[in-house]
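*Asks:* Provided below are the primary sequence and the corresponding predicted coordinates.
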Amino acid sequence: MNIIKHGFDKGFVIVKINVNDDLWYLENVIEKGDFVKTRTLRNIFIERQGQQVKAEKKPMVLKIEVEKIEFQKFTNQLRLTGKITEGPDDVQLGSYHTIEVKLSTILTIYKKEWKKYQIDRLKKALTKVPDVLIAVVDSNQATFGMLKRSGVEIVSELRNPHSTTQEEEKLPEFYKKIASEIEKFSEKVERIVLAGPGFTKEHVQKIIQDNYPDVKSKLIIDTTTSATETGVNEILKKGTLDKIIRESEIVKESQVIQEFFTHLNKDDGLSVYGLDQIKDADNTGAVKILLVSDENIRKEEIDRLAKKVEEKKGQVEIISKTHELGEQFHRMGGLGAILRFRIY
């Protein structure tokens, strides 16, 4: 996600959606009663023989007051429904419209008040892209791309100098060269996607496993139809990077949850759960980290609690159910806190 412009103190932010996971972040930031503005498509009706007849969909800029938020993870769309408050002269204010937020959408979000955890949520989406090397390979060539926030930069290309039909015995030499090139970039990245149309990727994977033990733990094997820049773009489109990005965020969430459970199992008084106990801890300024499941954060009482924790310089972590520890935390109520000091 890109933050194009913001004035949180004035109640607005303009964002651009870069990857599908950005929609999940927005689902946890946008609330009923917020206003959103974007370029969208709306059905236009004309009068024909005394009846209103749907004519076409017309692009226009509309602003709505959000009443319903629906994230469709299978189609990767965030649907925001509400009454139109601003639009062209030929659009009836107060009528309902649904904005479909997807990749490349530029969206302005207006709130009466931006809470710190909501701003932090957006900033997490900004910084969540890990360093990833994409290597697409076949027996003739290899192309290497480095994932950056602005896209992928092609950083290296190799070509097999030998004809694969006439000098097949030279192929292992080319595989070793690819593995060496991957190893060269490996220290700069968290994960490595090794992909391609045939079996070259498996040969390279075996060389890495045998010779570069520090690199093999970073590998993800995938398939593309090409070992050129086209193959790199295939990886971008098919969701592999979304998975890597989500896993990177899950690791950070899991560390916080694990710390919470560790204190709970030790019974050392540095973890509490349940609304009443956390309120008591907050009243003494003891809450270091408030953990809230993504379903609970929309509850008015918990939202007020989160604001009070932040006022005392505490941290609020919103926990998703998309991983095992997150689901475990949700089953026990989805509300807990790690404390600065014991209160009991």
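*Replies:* Okay, I see it. Computed from a predicted structure; not experimentally measured.
*Asks:* switch to C-alpha atoms for all contacts and neighbour counts from now on
*Replies:* Will do.
*Asks:* Check the offset of the longest helix anywhere in the chain from the chain's centre.
*Replies:* Taking DSSP state H as the criterion, the chain has its longest helix at helix 240-266. Distance of helix 240-266 from its chain centroid, counting by Cα atoms, centre = their mean, to the nearest Å, is 14 Å.
*Asks:* helices or strands next to whatever helix or strand comes next after it in the packing?
*Replies:* Per DSSP states H and E, the first helix or strand lying C-terminal to helix 240-266 is strand 271-273. Here strand 271-273 touches helix 240-266, strand 335-339, going by 3 or more Cα pairs under 8 Å, 6 or more residues apart in numbering; DSSP states H and E.
*Asks:* picking that back up, let me know the angle separating the longest helix of the chain from strand 335-339.
*Replies:* Helix 240-266 and strand 335-339 are oriented at 70 degrees to each other (axes from the mean of the first three to the mean of the last three Cα atoms, to 10 degrees).
*Asks:* ranking the helices and strands packed on strand 271-273 by burial, who's on top?
*Replies:* Highest mean neighbour count of the helices and strands packed on strand 271-273: strand 335-339, a mean of 25 (counted as mean count of other Cα atoms under 10 Å).
*Asks:* That one pairs with which strands?
*Replies:* With DSSP bridges as the test, strand 335-339 is paired with strand 271-273 (antiparallel), strand 287-293 (antiparallel).
*Asks:* So for it, mean pLDDT?
*Replies:* Mean pLDDT, computed over strand 335-339, is 96.
*Asks:* Same check on stretch 218-227?
*Replies:* On average, stretch 218-227 scores 93.
*Asks:* and that stretch, how far from the chain's centre?
*Replies:* That offset, for stretch 218-227, works out to 21 Å (Cα atoms, centre = their mean).
*Asks:* and this structure, what are its domains?
*Replies:* 2-115, 132-238, 252-339 (automatic domain parsing).
*Asks:* how about those domains, which one is nearest R121?
*Replies:* Nearest to R121 among the domains of the chain is domain 2-115 (6.7 Å), distances taken as Cα to Cα.
*Asks:* Ends of the closest one, what's the gap?
*Replies:* Terminal residues of domain 2-115 are spaced 19 Å apart (Cα to Cα, to the nearest Å).
*Asks:* Equivalent analysis for stretch 97-109, please.
*Replies:* 16 Å.
*Asks:* ok so, going back, nearest to E317, of the strands paired with strand 335-339?
*Replies:* The nearest among the strands paired with strand 335-339, by Cα to Cα, is strand 287-293 at 4.9 Å.
*Asks:* List the buried residues of the next helix or strand after that closest one.
*Replies:* Following strand 287-293 in sequence order, the next helix or strand is helix 300-311 (DSSP H and E). Buried positions in helix 300-311, judged by neighbour count with 16 or more other Cα atoms under 10 Å: I302, D303, L305, A306, K307, K308, V309, E310.
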